[in-house]
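Visitor: I would like the atomic coordinates for the input below:
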Amino acid sequence: MMRTASMLAFLLLPSLAWAEPITVWLQNTAPEEKQVTRADKETGGTLHLWALDLAFPPEPETAADGAQLEAVAGAVEAGKTRWDQFEVEVPIAKVIDDETKKLTLLRSKRDREDLVRALMFEGASIARATSASSFGTDANIAPYRATYGAASMPRAWLDAYALMSTTPQRGDLFDGTAWNDWQHFASALSGLAAGSITTDADVGDVYLDGELVQPGKHDVRPGRHYVHVVRAGAVAGRAVVDVEPGKAYDMPRRVSPADLAATITAVQAGKRSDLPASVTGALEELIRIHDGAAYLAVSVGNDLSVLPIDAKLILNDDKLFTALVTADLGGGIAISKGFDQNEDGSAQIAPSASGGVGVELGISYFALALGLDGVITPGHTLPFASDKSGNDNSVSSYLHPWLGVGAYALRPTKANPTLAILAGVSYLMPDNLGVGGRIAVGVPIDDGHNWVRVLLGGSYGVAQLRDGAQPMVDAYLRVGFAGRIDQ
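Guide: Numbering: from 1, shown residues only. Okay, here's the model as predicted:
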């Protein structure tokens with residue numbers, strides 16, 4: 001009755017609770033509530049999952065699990081009806097072996113005992129297919145043979161012995177010949193050194209070979225063992241471990257700590273890069289079950305990174321569009337032969353103070369920028385316009401409107417450094433139409449909204465707008481800030 005109720009719950013869960021977008025936090029504990037709220041603002045609100053859901057993705061028990069055990073039992077019964085036919089031992093073993101390999105879940109001690117009986121019959125078929133003296137060298141049974149050192153045995157009997165809780169009796173085998181064969185291999189099986197599987201704490205209820213176990217190291221016999229986790233009442237991870245004599249194994253995880261760390265680095269950097277294969281597989285399970293959009297999230301202090309996952313399970317940049325306002329102050333030089341202070345016709349170099357305001361619009365890595373710079377050259381003036389008396393007016397302060405296009409080498413999407421490279425045109429008052437460029441490097445000062453920026457740039461007047469005007473060069477180094485206005 002309990003198993004039936006569980007099955008119904010598993011069938012109903014996807015429609016009742018899982019048909020919604022998910023955010024997978026790459027950590028095992030919930031971040032601060034304000035970080036969850038910020039993430040919901042970016043995603044529109046989702047179900048929140050954790051790194052454990054990647055390490056042990058939901059793989060609920062279904063009717064298929066019970067059907068597979070029935071298929072194993074059916075293969076055994078079919079083999080028994082053919083037992084007395086000629087040269088059927090290896091074909092019988094193959095059918096049973098193919099079905100047992102499909103098993104991924106032992107739900108209880110009863111399941112384990114059913115599997116042991118099937119493996120004992122498979123092993124009896126292989127032992128009967130050849131003589132004891134040629135068992136270790138017979139090529140026909142090589143796929144069904146396990147060898148450790150000088151000892152060879154039916155692999156099915158190795159796996160059965162690994163799962164047994166009691167010593168087999170004559171009645172546990174199909175006929176007397178099989179019992180004699182078992183007796184021949186039993187000493188080799190019992191002589192193999194034990195291995196171990198260490199199960200983790202704080203991951204849910206852990207089952208080893210169908211029985212609930214406590215966290216820690218568990219000595220096990222060599223052979224195939226089955227591990228699964230139950231969390232929130234559902235199977236949340238399955239693994240089959242082939243234990244070799246004397247070897248220790250950690251509890252299997254779909255995503256290793258190293259792959260999880262690599263994924264965290266990718267999310268924080270905002271790179272469009274392939275995920276580790278283990279993460280891809282786990283996400284496929286989660287997306288299939290929850291049937292909605294998926295996001296990966298990392299929270300470290302006040303820094304929050306949230307990236308959507310597309311259909312190809314590739315990290316997307318978290319923002320396609322960005323918009324910044326910028327302001328900066330600094331100094332530089334202006335160079336021109338047209339300064340009023342020019343007495344010998346040579347180019348004059350005038351120290352300058354400059355500043356500017358602007359707007360940068362980003363579409364992925366493409367950037368469009370426009371703004372207005374102001375430049376002052378104390379002690380140096382340029383002719384500007386003639387007054388009514390015909391005398392020239394001169395100015396030492398100039399406005400330089402500009403328009404630029406370029407690219408982000410590092411996008412301004414989160415609390416990371418930024419780098420923009422732009423080229424464009426500007427009006428170098430009073431008489432030049434210039435071309436030039438600028439490089440802006442930003443250092444974050446908060447969680448991805450504002451940056452301190454260093455700006456290096458310059459323009460050269462390629463076209464003069466007044467007869468007799470001279471080309472002008474404007475170069476500058478300024479410091480300021482940039483702030484996101486699209487959030």
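Visitor: make it CA atoms for all contacts and neighbour counts henceforth
Guide: OK.
Visitor: Now do the helices in the stretch 51-200 of the chain.
Guide: Taking DSSP state H, counting those that start in this stretch as the criterion, the stretch 51-200 of the chain contains helices spanning 51-55, 63-81, 89-100, 109-128, 155-163, 176-190.
Visitor: So for Gly330, which of those helices sits nearest?
Guide: Shortest distance between Gly330 and these, using Cα to Cα, is found for helix 51-55: 47.0 Å.
Visitor: which residues sit against the closest one?
Guide: Outside helix 51-55, the residues that touch it by Cα atoms under 8 Å, 6 or more residues apart in numbering are 24-28, 203, 236-237, 253-256, 260, 279, 282-283, 286.
Visitor: Which ones among these lie within strands?
Guide: When strands are assigned by DSSP state E, the members of the contacts of helix 51-55 inside them are Val24, Trp25, Ala236, Gly237.
Visitor: Out of those, grab the one that's most surrounded.
Guide: Neighbour count (other Cα atoms under 10 Å) singles out Gly237 as the most crowded of the ones in strands among the contacts of helix 51-55, with 28 neighbours.
Visitor: Where do the strands of the stretch 301-450 of the chain begin and end?
Guide: Assigned by DSSP state E, counting those that start in this stretch, the strands in the stretch 301-450 of the chain fall at 303-309, 321-336, 348-363, 366-376, 382-386, 392-395, 397-410, 418-428, 432-444, 450-464.
Visitor: Please tabulate those in a markdown table and include mean neighbour count, mean pLDDT and distance to Ile264 as additional columns.
Guide: A markdown table is the format used below for these (neighbours: other Cα atoms under 10 Å; pLDDT from 0 to 100; distance: least, Cα to Cα, whole Å):
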| stretch | mean neighbour count | mean pLDDT | distance to Ile264 |
| --- | --- | --- | --- |
| strand 303-309 | 22 | 84 | 9 |
| strand 321-336 | 19 | 93 | 23 |
| strand 348-363 | 19 | 93 | 24 |
| strand 366-376 | 20 | 94 | 26 |
| strand 382-386 | 16 | 75 | 56 |
| strand 392-395 | 14 | 79 | 56 |
| strand 397-410 | 18 | 93 | 18 |
| strand 418-428 | 21 | 94 | 19 |
| strand 432-444 | 20 | 94 | 19 |
| strand 450-464 | 20 | 93 | 23 |
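Visitor: Select, out of those strands, the one closest to Thr46.
Guide: Minimum separation from Thr46 across those (Cα to Cα) falls at strand 303-309, 11.8 Å.
Visitor: Run the chain-centre distance for the closest one.
Guide: 11 Å (Cα atoms, centre = their mean, to the nearest Å).
Visitor: Surely Ala334 is in contact with Ile349?
Guide: Yes - counting by Cα atoms under 8 Å, Ile349 is a contact partner of Ala334 at 5.9 Å.
Visitor: returning to that earlier point: would you mind listing which of the contacts of helix 51-55 are buried?
Guide: Buried residues within the contacts of helix 51-55, counting neighbours by 16 or more other Cα atoms under 10 Å: 24-27, 203, 236-237, 253-255, 260, 279, 282-283, 286.
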